[in-house]
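A.B. asks: all I have is the shape, not the residue letters:
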(Lines give C-alpha, C1' and ligand atoms only; values in the text may rest on other atoms or scores of the structure.)
Protein backbone atom coordinates (compact mmCIF):
# COMPACT_ATOMS: atom_id res chain seq x y z
CA UNK A 1 0.00 0.00 0.00
CA UNK A 2 1.35 3.40 -0.76
CA UNK A 3 0.02 6.87 -1.18
CA UNK A 4 -2.09 9.00 1.10
CA UNK A 5 -3.60 7.55 4.24
CA UNK A 6 -7.31 6.98 3.87
CA UNK A 7 -9.48 9.49 5.75
CA UNK A 8 -11.89 8.44 8.46
CA UNK A 9 -14.77 9.20 6.08
CA UNK A 10 -13.27 6.92 3.41
CA UNK A 11 -12.66 4.15 5.92
CA UNK A 12 -16.15 4.35 7.37
CA UNK A 13 -17.75 4.19 3.91
CA UNK A 14 -15.46 1.38 2.80
CA UNK A 15 -16.01 -0.85 5.84
CA UNK A 16 -19.68 -0.05 6.53
CA UNK A 17 -21.02 0.21 2.97
CA UNK A 18 -18.61 -1.32 0.47
CA UNK A 19 -17.27 -4.41 2.28
CA UNK A 20 -20.75 -5.68 3.29
CA UNK A 21 -21.70 -6.00 -0.39
CA UNK A 22 -18.27 -6.94 -1.74
CA UNK A 23 -16.74 -10.36 -2.47
CA UNK A 24 -15.50 -10.21 1.15
CA UNK A 25 -18.89 -9.67 2.79
CA UNK A 26 -19.30 -11.73 5.94
CA UNK A 27 -22.31 -13.66 4.62
CA UNK A 28 -21.96 -15.25 1.18
CA UNK A 29 -25.53 -14.22 0.29
CA UNK A 30 -24.54 -10.56 0.72
CA UNK A 31 -21.70 -10.76 -1.81
CA UNK A 32 -23.64 -8.97 -4.53
CA UNK A 33 -20.94 -6.84 -6.19
CA UNK A 34 -17.48 -7.54 -7.53
CA UNK A 35 -14.61 -5.20 -6.64
CA UNK A 36 -15.01 -3.28 -9.91
CA UNK A 37 -18.61 -2.35 -9.11
CA UNK A 38 -17.63 -1.59 -5.52
CA UNK A 39 -14.96 0.84 -6.78
CA UNK A 40 -17.53 2.56 -9.00
CA UNK A 41 -19.95 2.88 -6.07
CA UNK A 42 -17.26 4.25 -3.80
CA UNK A 43 -16.09 6.77 -6.40
CA UNK A 44 -19.64 7.96 -7.02
CA UNK A 45 -20.66 8.13 -3.37
CA UNK A 46 -17.49 9.81 -2.12
CA UNK A 47 -18.01 12.50 -4.76
CA UNK A 48 -16.03 15.66 -4.02
CA UNK A 49 -14.67 14.05 -0.84
CA UNK A 50 -12.85 11.36 -2.85
CA UNK A 51 -9.16 11.71 -2.13
CA UNK A 52 -8.13 9.33 -4.90
CA UNK A 53 -9.37 7.40 -7.93
CA UNK A 54 -10.74 4.14 -6.53
CA UNK A 55 -10.11 0.97 -8.51
CA UNK A 56 -11.01 -2.67 -8.00
CA UNK A 57 -7.37 -3.46 -7.24
CA UNK A 58 -7.09 -0.60 -4.75
CA UNK A 59 -10.16 -1.75 -2.81
CA UNK A 60 -9.06 -5.38 -2.77
CA UNK A 61 -5.54 -4.41 -1.65
CA UNK A 62 -6.93 -2.16 1.07
CA UNK A 63 -9.08 -5.01 2.37
CA UNK A 64 -6.27 -7.55 2.10
CA UNK A 65 -3.69 -5.35 3.84
CA UNK A 66 -6.01 -4.63 6.74
CA UNK A 67 -7.54 -8.08 7.21
CA UNK A 68 -4.97 -10.58 5.98
CA UNK A 69 -1.55 -9.07 6.71
CA UNK A 70 -2.36 -7.55 10.06
CA UNK A 71 -1.40 -4.05 8.91
CA UNK A 72 -4.05 -1.59 10.04
CA UNK A 73 -4.68 1.71 8.34
CA UNK A 74 -4.62 4.43 11.02
CA UNK A 75 -8.28 5.40 10.57
CA UNK A 76 -9.55 1.85 10.01
CA UNK A 77 -8.69 0.06 13.24
CA UNK A 78 -12.15 -0.03 14.81
CA UNK A 79 -13.79 -1.02 11.52
CA UNK A 80 -11.31 -3.83 10.89
CA UNK A 81 -11.73 -5.16 14.43
CA UNK A 82 -15.51 -5.15 14.02
CA UNK A 83 -15.34 -6.86 10.61
CA UNK A 84 -13.01 -9.57 11.93
CA UNK A 85 -15.31 -10.12 14.92
CA UNK A 86 -18.30 -10.51 12.59
CA UNK A 87 -16.32 -12.94 10.41
CA UNK A 88 -15.43 -15.00 13.48
CA UNK A 89 -19.01 -15.09 14.74
CA UNK A 90 -20.33 -16.10 11.32
CA UNK A 91 -17.75 -18.88 11.00
CA UNK A 92 -18.61 -20.17 14.48
CA UNK A 93 -22.31 -20.26 13.57
CA UNK A 94 -21.46 -22.09 10.33
CA UNK A 95 -19.38 -24.70 12.14
CA UNK A 96 -22.13 -25.15 14.72
CA UNK A 97 -24.87 -25.50 12.12
CA UNK A 98 -22.70 -27.86 10.05
CA UNK A 99 -22.04 -30.08 13.07
CA UNK A 100 -25.75 -30.06 13.98
CA UNK A 101 -26.65 -31.00 10.41
CA UNK A 102 -24.28 -33.96 10.64
CA UNK A 103 -25.64 -34.92 14.05
CA UNK A 104 -29.32 -35.03 13.03
CA UNK A 105 -29.01 -37.97 10.59
CA UNK A 106 -26.92 -39.88 13.15
CA UNK A 107 -29.54 -39.35 15.84
CA UNK A 108 -32.32 -40.38 13.45
CA UNK A 109 -30.42 -43.51 12.52
CA UNK A 110 -29.80 -44.35 16.19
CA UNK A 111 -33.51 -43.91 16.96
CA UNK A 112 -34.46 -46.12 14.04
CA UNK A 113 -32.10 -48.89 15.22
CA UNK A 114 -33.51 -48.65 18.75
CA UNK A 115 -37.09 -48.89 17.46
CA UNK A 116 -36.23 -51.87 15.29
CA UNK A 117 -34.54 -53.61 18.22
CA UNK A 118 -37.61 -53.03 20.40
CA UNK A 119 -39.88 -54.40 17.69
CA UNK A 120 -37.67 -57.48 17.33
CA UNK A 121 -37.82 -58.10 21.09
CA UNK A 122 -41.61 -57.63 21.09
CA UNK A 123 -41.97 -60.03 18.15
CA UNK A 124 -40.05 -62.73 20.03
CA UNK A 125 -42.30 -62.51 23.10
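C.D. replies: Received, thanks. This structure is a prediction, so every number in the text was calculated from the model and none was measured.
A.B. asks: check which helix or strand residue 87 maps to.
C.D. replies: Secondary structure here is read from DSSP states H and E; on that basis residue 87 sits in helix 77-124.
A.B. asks: oh, that last question was meant for residue 46, not what I typed.
C.D. replies: helix 35-46.
A.B. asks: what's the first helix or strand after that helix?
C.D. replies: Going down the chain from helix 35-46, the next helix or strand is helix 56-67, by DSSP H and E.
A.B. asks: show me which positions of that following helix end up buried.
C.D. replies: Within helix 56-67, the residues that count as buried by 16 or more other Cβ atoms under 10 Å are 56, 58, 59, 60, 62, 63, 65, 66, 67. Backbone N, C-alpha and C define where each C-beta goes, glycine included.
A.B. asks: same deal with stretch 26-42?
C.D. replies: Of the residues in stretch 26-42, 26, 33, 35, 38, 39, 41, 42 count as buried by neighbour count, 16+ other Cβ under 10 Å.
A.B. asks: list just the nearest of those to residue 119.
C.D. replies: Nearest to residue 119 among the buried residues of stretch 26-42 is residue 26, at 48.0 Å by Cβ to Cβ.
A.B. asks: the closest one contacts residue 67, correct?
C.D. replies: No - with contacts counted by Cβ atoms under 8 Å, residue 26 stays clear of residue 67, the gap being 11.4 Å.
A.B. asks: now do the shared contacts for the two.
C.D. replies: Each of residue 83 lies in contact with both residue 26 and residue 67 under the rule Cβ atoms under 8 Å, 6 or more residues apart in numbering.
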